[in-house]
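Turn this into a model:
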Amino acid sequence: MSPEHGARRSRVIMVEPALTQLTKLTASETHRLDRAIVAISVNPELGTEVPSTLLRDYADEVDGVRVIFFVSALGSITIVAYVEA
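Below you'll find the predicted structure:
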C-alpha cells in the first residue's frame, strides 16, 4: 500500500434487522455507530467470533454501540445484521 492511500475498506451492506434498528436511533447514536462501522470496514477482524456461525460481534464500550456482522469470503463486503446504540 502506498503512503498516500489509507487501508482498503470493504463495502458495507445492512440487512433488514439492522435497517429497522437504524430508524430508531437518534442523530448522536447514528454518528457513534458510523464510527464503529467505518472501523469494521477497515478491519473486519474486530470483535469476537460468534461460535458455530460466520458472525462477529463487535461492541465498543466507549461509544456504547454494538454491531453484529459477517464478511464475505474475499473480505470485500461487510454485511451488517444487527446494530444497537
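
what kind of secondary structure is Ile40 in?
helix (DSSP: H, G, I helix; E, B strand; the rest coil).

for it, what are its contacts?
Val12, Leu46, Gly47, Tyr58, Val67, Phe69, Thr78 (CB atoms under 8 Å, 6 or more residues apart in numbering). Glycine gets a C-beta too; all of them are placed from N, C-alpha and C.

Next up, phi/psi of Glu49, please.
phi -70, psi 140 (degrees, to the nearest 10).

Skip the chain neighbours and tell me the closest residue to it.
Arg56 (5.9 Å; CB to CB, 6 or more residues apart in numbering).

list the contacts for the one you found?
Pro44, Glu45, Leu46, Gly47, Thr48, Glu49, Val50, Ile68, Phe69, Phe70, Val71.

Point out where the chain drops to low pLDDT.
Across the chain, the ranges flagged by pLDDT under 70 are 1-7.

what about the helices in it?
With helices called from DSSP state H, the chain shows them at 16-22, 27-42.

what packs against the shortest one?
I take that to be helix 16-22. strand 77-84 (3 or more CB pairs under 8 Å, 6 or more residues apart in numbering; DSSP states H and E).

can you count the residues close to Val83?
Close neighbours of Val83, defined as other CB atoms under 10 Å, add up to 25.

That one pairs with what?
Val67 (DSSP bridges).

Surely it touches Gln21?
Yes. If you go by CB atoms under 8 Å, Val83 and Gln21 touch, sitting 4.9 Å apart.

how about Leu22, what does it touch?
Leu22 neighbours (CB under 8 Å, 6+ apart): Met14, Thr30, Leu33, Val83.
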